[in-house]
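S.K.: Provided below are the primary sequence and the corresponding predicted coordinates.
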Amino acid sequence: MAKLSTELHRYFFSEERLDRVKLSDVIEIAGERSFGFLFVLLSLPSALPIPAPGYSIPFGIVMLWLALQLVAGRERPYFVQHWLDRDISLSTVQGVLKKGLPWLQRVEVLSRPRLSYVCTSVVGRVVLGLAIALMSVSMMVPIPGTNTLPAMGIFITGFGLLEDDGAISLMGLVVCAMGATLTTLIVIFGYEAVKTGIDMLRDAI
């Protein structure tokens, strides 16, 4: 099967497409690799060094839904028809891919099937799904700094899942742990800052 970067370039750049792309179209490209494919594609905008704004919350919701299905043991993702009919402009997708494909190609050079049980066993898929679910929730936190690292964790973990490369997925889990730690620290710091500000305001009154 062709590499993901090759398939994405062919579908979104080489072939003639409509002006809008539906989620159902993307799932059709994915075939049997739907979970890993979708995690990589949906996390890509927020995982880029220069993230595209506006994607973290809606894509985080979709990835949380996918991650919970992975934990539940589904082999292929399920979407309600309303989600399948949701679309996005082709030009927007192409803009993200132009930035993201070079990064994807770099990861592809390193990937090959190894430690596949991490990605194919029931326990492995549950652990990967839980990590991705946690990072998806982190992406939805409306605080600066809680999006990029978790999205990178999902991207790397999902890419390993896509290629049955357990080594890469384990690297992704490390990044997910770093993302969880960063998000926790940011949330705690934000809470303490707000609490201090309220206490100062009360004292001033």
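M.R.: Nice, thanks for sending it over. Please read these numbers as outputs of a predicted model, since none were measured by experiment.

S.K.: From now on I want contacts and neighbour counts done on CA atoms only, so please keep to that.
M.R.: Fine.

S.K.: which sections of the chain are below the confidence cut-off?
M.R.: Scanning the chain for pLDDT under 70 picks out 1-2, 31-32, 49-53, 205.

S.K.: At the geometric centre of the chain, which residue sits there?
M.R.: The centroid of the chain falls nearest to Ser43 when counting by C-alpha atoms, centre = their mean (2.8 Å).

S.K.: which strands and helices sit next to the helix ranked longest in the chain?
M.R.: In the chain, taking DSSP state H as the definition, the longest helix is helix 166-204. Secondary-structure packing of helix 166-204 (3 or more C-alpha pairs under 8 Å, 6 or more residues apart in numbering; DSSP states H and E): helix 117-120, helix 122-139, helix 148-163.

S.K.: coming back round to it: any chance of the backbone angles for the residue nearest to the centre of the chain?
M.R.: Dihedral pair for Ser43: phi -90, psi -20, per degrees, to the nearest 10.

S.K.: That one is in contact with Phe59, isn't it?
M.R.: Yes. The pair Ser43 / Phe59 is scored as a contact, 7.3 Å apart, by C-alpha atoms under 8 Å.

S.K.: so the longest helix of the chain versus helix 122-139, what angle?
M.R.: Counting by axes from the mean of the first three to the mean of the last three C-alpha atoms, to 10 degrees, helix 166-204 lies at 30 degrees to helix 122-139.

S.K.: What residues sit buried inside helix 166-204?
M.R.: 166-170, 172-177, 179-180, 182-183, 186 (16 or more other C-alpha atoms under 10 Å).

S.K.: go on, stretch 15-23?
M.R.: Neighbour counts using 16+ other C-alpha under 10 Å place Val21, Lys22, Leu23 of stretch 15-23 among the buried residues.

S.K.: Narrow those to those in strands?
M.R.: Val21, Lys22 (DSSP state E).

S.K.: Quick one: closest of the helices and strands packed on helix 166-204 to Ser5.
M.R.: With C-alpha to C-alpha, the closest approach to Ser5 among the helices and strands packed on helix 166-204 belongs to helix 148-163: 11.4 Å.

S.K.: got the CA coordinates for that closest one in CSV?
M.R.: The C-alpha coordinates for helix 148-163 follow below in CSV (Å, rounded to 0.1, in the frame of the first residue of the first chain):
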residue,chain,number,x,y,z
THR,A,148,0.3,21.7,20.1
LEU,A,149,2.2,19.2,22.2
PRO,A,150,-0.9,17.0,22.8
ALA,A,151,-1.6,17.1,19.1
MET,A,152,1.9,16.1,18.3
GLY,A,153,1.5,13.1,20.7
ILE,A,154,-1.7,12.1,18.8
PHE,A,155,0.0,12.5,15.5
ILE,A,156,3.0,10.3,16.4
THR,A,157,0.9,7.7,18.2
GLY,A,158,-1.6,7.6,15.3
PHE,A,159,1.1,7.3,12.7
GLY,A,160,2.5,4.3,14.5
LEU,A,161,-1.0,2.8,14.6
LEU,A,162,-1.3,3.5,10.9
GLU,A,163,1.9,1.7,10.0
